[in-house]
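S.K.: Everything below, folded, please.
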Amino acid sequence: MSEAVTIAAPSAARRSIVFLLVLIALLLGAALPILPISATTVTLMTQGTFTAIMATGVGLLIRQCGLVSFGHATFFGLGAYITALLFKHTALHFSVVFILAVAIPTALGFLIALVIVRQTGVAFSMLTLAVAQVFHEVVLKWRDLAGGDDGMSVKLPPTIFGLPGSAFQNAPTMFFISWSLLVLILFGLYQLSHSRMGRLIFAIRDNEERARFLGHATLLPRAIIFALSAAIGALGGVLFLLYNAYVSPDLLHWTTSGFALVMAIVGGAEFVLGPAIGALVFLFFKDAMGDITEHWQAIMGSVLIVITVWRPSGLAGIALSVLERLKLAAGASK
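M.R.: Next up is the predicted model:
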C-alpha cells in the first residue's frame with residue numbers, strides 16, 4: 001500500500017506529543033550554553049545546523065516528490081551570496097535583505113521547477129546539476145561581482161533584528177537561532193506531510209497518471225514543493241553568511257549538493273527528521289575521521305553503501321526499528 005494512502009491526519013494525542021517534542025527541542029537549544037560542552041563542539045554543531053537545514057530541503061524533495069536533486073547547493077549559495085552582496089552594495093534594512101535573500105532563490109526555484117519537474121529519475125537529477133554548475137561558474141568567473149575564486153568577506157550591520165551583529169558570530173547564540181529555525185522547519189514539514197496538500201503530493205509521487213485522471217493538477221504541486229525546498233536551502237545559506245561573514249564559490253559547487261544528498265540518505269530521507277540527523281552525524285563523523293585519516297571520504301562512502309543496502313531508511317529508520325523492538329520487548333515482559 002502506498003504512503004499516499006497510509007498517511008492520515010495525526011490524532012489529537014499525537015499532535016500533543018509533537019508539540020511537546022518541539023518545545024523540548026527548543027529548550028535544549030536554549031540550554032546548550034550552560035551545558036559542559038567544548039567550544040569546538042559548539043562551533044561544529046552550529047555549522048551543522050546550517051547544513052542540516054539544507055539537507056532537510058533536499059530530503060523534502062525526495063520524500064514528497066521522489067525526486068533526487070544534485071544541485072540544491074544553488075539555493076544555499078544564492079542565499080549566502082545575495083545577503084553578502086546586499087550588505088556590501090546597499091544600505092537596505094536587514095529585514096528587506098533577509099526577505100530578498102530567501103524570496104529570490106525561492107522564485108527562481110519555482111520557475112526552474114516548472115521546466116525540470118516534468119522530468120523524473122536521472123534526467124531530473126542531471127538538469128539540477130546543470131543548473132547548479134551554471135550559477136557556480138557565474139560566481140567563479142565574475143570577479144568584479146563577488147571576488148571570483150577568492151570569495152568575498154562582508155561586514156555585518158551593527159544590529160540585526162534588534163540584536164548586535166556580532167551576536168550572530170557567537171557560536172552559542174547562533175546555534176540557538178539556527179537550531180530553533182531548524183526545529184520550526186521540521187515541525188512545519190511534519191504538518192505539511194499530514195495535510196491535504198501533502199497527501200496529494202504523495203499520491204502524485206506514487207501514481208501521477210491516476211492523480212491526473214482524478215482531476216488533480218500534477219505540475220504545480222511539485223513545483224511548489226521544489227520552491228519550498230529551495231527556500232529552506234536559501235535560509236541555510238543566509239544563516240551561514242551571518243555566522244561566517246564570508247562566501248566563496250564552493251558553496252554552489254556540485255560537491256556541496258552531493259554532501260547534502262549523502263546527509264539526507266544516511267539520515268533517512270523518508271522521515272522528516274532524517275536529513276537533519278544525517279547532517280549532524282555526517283559532520284561529527286567527518287571531524288572525527290579527519291583527525292585519524294585523510295581518507296575519511298572513502299570510509300564515509302563505505303558507510304553510505306552499507307546503509308543504502310542494509311537499511312535504505314537510514315539512521316532514522318534504524319532508530320525507529322530499535323524503539324519498536326524495545327516497545328515489543330517491554331510489552332512481552334509485562
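S.K.: quick one: secondary structure of Gly57?
M.R.: On the three-state scheme (DSSP: H, G, I helix; E, B strand; the rest coil), Gly57 is labelled helix.
S.K.: swap in Arg118?
M.R.: Going by three-state DSSP, the secondary structure assigned to Arg118 is coil.
S.K.: Per-residue pLDDT of Glu3, please?
M.R.: Predicted confidence (pLDDT) for Glu3: 41.
S.K.: oh sorry, the question was meant for Ala332
M.R.: According to the model, Ala332 carries a pLDDT of 69.
S.K.: What of Ala13?
M.R.: The predicted local distance difference test score for Ala13 is 74.
S.K.: Return the backbone torsion pair for it.
M.R.: Dihedral pair for Ala13: phi -60, psi -40, per degrees, to the nearest 10.
S.K.: Measure how buried it is and give me the count.
M.R.: Here the count is done by other Cβ atoms under 10 Å, and Ala13 has 8 residues near it. C-beta here means a position set from N, CA and C on the backbone, and glycine is covered the same way.
S.K.: Now tell me what touches the helix or strand containing Ala288 from outside.
M.R.: For Ala288, the enclosing helix or strand under DSSP states H and E is helix 274-292. Outside of helix 274-292, the residues that reach it under the criterion Cβ atoms under 8 Å, 6 or more residues apart in numbering are 44-45, 47-49, 51-56, 58-59, 182, 186, 259-260, 262-269, 296, 299-300, 303, 313-317, 319.
S.K.: list the helices and strands whichever helix or strand comes after that helix packs on?
M.R.: As assigned by DSSP H and E, the chain's next helix or strand after helix 274-292 is helix 296-310. Helices and strands touching helix 296-310, as assessed by 3 or more Cβ pairs under 8 Å, 6 or more residues apart in numbering; DSSP states H and E, comprise helix 254-267, helix 274-292.
S.K.: Pop out the phi and psi values for Ser153.
M.R.: The phi and psi values for Ser153, taken as degrees, to the nearest 10, are phi -100, psi 150.
S.K.: okay, now the residue nearest to it when sequence neighbours are not counted: neighbour count?
M.R.: Counting by Cβ to Cβ, 6 or more residues apart in numbering, Ser153 lies nearest to Tyr246, which is 5.0 Å off, once chain neighbours are set aside. Other residues within reach of Tyr246, judged by other Cβ under 10 Å, total 15.
S.K.: thinking Tyr246 is in contact with Val154, fair?
M.R.: Yes: using Cβ atoms under 8 Å as the test, Tyr246 is close enough to Val154 to be in contact (7.3 Å).
S.K.: Could you tell me which ranges of this protein sit under the pLDDT cut-off?
M.R.: Scanning the chain with the threshold set as pLDDT under 70 gives 1-11, 33, 331-334.
S.K.: Name the secondary structure element that contains Phe110.
M.R.: Short version: Phe110 belongs to helix 94-116, going by DSSP H and E.
S.K.: Tell me which residues are up against that helix.
M.R.: With Cβ under 8 Å, 6+ apart, helix 94-116 has contacts from 74-75, 78-79, 82-83, 86-87, 90, 92, 124, 127-128, 131, 157, 159-161, 219, 222-224, 226-231, 233-235, 237-238.
S.K.: just stretch 298-309 next, same as before
M.R.: Outside of stretch 298-309, the residues within contact range by Cβ under 8 Å, 6+ apart are Val262, Ile265, Val266, Phe282, Phe285, Lys286, Met289, Thr293, Gly314, Leu315.
S.K.: Determine which stretch of the helices and strands packed on helix 296-310 is the most buried.
M.R.: Per-stretch averages of neighbours, counted by mean count of other Cβ atoms under 10 Å, single out helix 254-267 among the helices and strands packed on helix 296-310, with a mean of 24.
S.K.: Only C-alpha atoms, please: export it in CSV.
M.R.: As requested, the backbone C-alpha atoms of helix 254-267 are provided in CSV (Å, rounded to 0.1, in the frame of the first residue of the first chain):
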residue,chain,number,x,y,z
TRP,A,254,28.2,20.2,-7.0
THR,A,255,30.1,18.6,-4.2
THR,A,256,28.2,20.7,-1.7
SER,A,257,25.0,19.4,-3.2
GLY,A,258,26.4,15.9,-3.1
PHE,A,259,27.2,16.1,0.6
ALA,A,260,23.7,17.4,1.3
LEU,A,261,22.3,14.4,-0.6
VAL,A,262,24.5,12.0,1.3
MET,A,263,23.3,13.5,4.6
ALA,A,264,19.7,13.0,3.6
ILE,A,265,20.3,9.4,2.5
VAL,A,266,22.3,8.5,5.6
GLY,A,267,19.8,10.1,7.9
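S.K.: can you give me the strands in the stretch 51-200 of the chain?
M.R.: 152-153, 159-160, 163-164 (DSSP state E, counting those that start in this stretch).
S.K.: where's Glu294 relative to Gly301, distance?
M.R.: The spacing between Glu294 and Gly301, counted by Cβ to Cβ, to the nearest Å, is 14 Å.
S.K.: Looking at these two, which is more packed in?
M.R.: A count of neighbours by other Cβ under 10 Å puts Gly301 above the other of Glu294 and Gly301, at 12 against 8.
S.K.: Could you report the distance from the more buried one to Ala316?
M.R.: Shown here: Gly301 relative to Ala316, a distance of 20 Å by Cβ to Cβ.
S.K.: what about Ser193, how many neighbours?
M.R.: Based on other Cβ under 10 Å, the number of other residues close to Ser193 is 20.
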